[in-house]
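next comes the sequence, and after it the predicted model I'd like to discuss.
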Amino acid sequence: MLFRFNTPPPPTLPSTLQKTKSLTLLIAHPDDETMFFSPALQSLSKTHTVRIWCLSSGGAGGVPTVRRAELKSAATMLGLDAKNVRTLGEDDGGLEDGMGIVWSQEEVGTALDRLEREEGKGDGWITFDYGGISGHVNHCSLLEGLQSYLKVVGRDDEPIWVLESVGMPRKYSFWLEALWAKIVPYSPAKGKTRFVNTWEQWRQAQDAMVNGHESQMRWFRYGWVGIGRYLLVNELLEVGSPAFEASQTPRVSKEL
Ligand SMILES: [Zn+2]
């Protein structure tokens, strides 16, 4: 069967990622971690302490208390420890979830400052790239906000990896991506690594979305879960690396 691809070898991690012990995944909404970052989380949770910090409780798409609980549940299904998951909400400095709401660098920085004071520092970050995968403005606000925050606190040498956005046809080319990964050995460029799930890991990621984030499973999400490539393949780019520079076009920002 075409989909029963074999277990791929472990990804060759860039040296800076190998040196990092504690990674913090910065996301905008409960379910971002599963819809977009599953393969990276499922792999890196075996070798690193991985935390998830979510800057909104997803009030535009459900009940915040439910969505907070769902994020912890889904993260556990992906191999993380629920105690390493933190979601900010209305009562503790969370940002407002919304398609038309751009989060300023200052707002993102204030949220990060609060989380670092309460949860402690890690030594590396993962977040969305400038394209935000889906183009949601909340996603697109995170990288610039994180970079600005690290600059302000004097830690702008701290490594950041971003999830590479791809065009629409590739977003739904699940089986082609799997086939390509099987046929063509991956040759990591400097500052780039790729995570490809096994069949079992892909089913785990589906389970984390369908059952972990049950309140979010409306009809239009089944295409993403069924043939979307981000539950199967992730490419992380290290900010500042040649691979990142070749891939990314910064947003036009009035604040930078
Ligand atoms: Zn989102």
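Cool, got the structure.

check contacts around residue 24.
Neighbouring residues of residue 24 by Cβ atoms under 8 Å, 6 or more residues apart in numbering: 50-53, 122, 124-126. (Each C-beta comes from the backbone N, C-alpha and C, glycine too.)

so which of the residues you listed are in strands?
50-53, 124-126 (DSSP state E).

columns neighbour count, distance to the ion and pLDDT on top of the residues you listed, output as JSON lines?
Conversion of these to JSON lines gives the following (neighbours: other Cβ atoms under 10 Å; distance: Cβ to the ion, whole Å; pLDDT from 0 to 100):
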{"residue": "50", "neighbour count": "28", "distance to the ion": "18", "pLDDT": "97"}
{"residue": "51", "neighbour count": "23", "distance to the ion": "18", "pLDDT": "98"}
{"residue": "52", "neighbour count": "26", "distance to the ion": "13", "pLDDT": "98"}
{"residue": "53", "neighbour count": "22", "distance to the ion": "14", "pLDDT": "98"}
{"residue": "124", "neighbour count": "20", "distance to the ion": "21", "pLDDT": "96"}
{"residue": "125", "neighbour count": "24", "distance to the ion": "17", "pLDDT": "98"}
{"residue": "126", "neighbour count": "27", "distance to the ion": "15", "pLDDT": "98"}
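
residue 207: which of those residues is nearest?
Comparing the ones in strands among the contacts of residue 24 against residue 207 with Cβ to Cβ picks out residue 52 as the nearest, at 17.5 Å.

ok, now which ones touch that closest one?
Contacts of residue 52 by Cβ under 8 Å, 6+ apart are 24-25, 27, 33, 71, 75, 80, 84-86.

for it, name its beta-bridge partners.
Partner residues in beta bridges with residue 52: residue 25, residue 85, with DSSP bridges as the criterion.

give me the element the residue nearest the centre of the chain is part of.
What sits nearest the mean C-alpha location of the chain, by Cα atoms, centre = their mean, is residue 37, with 4.1 Å. Element membership for residue 37, per DSSP states H and E: helix 32-44.
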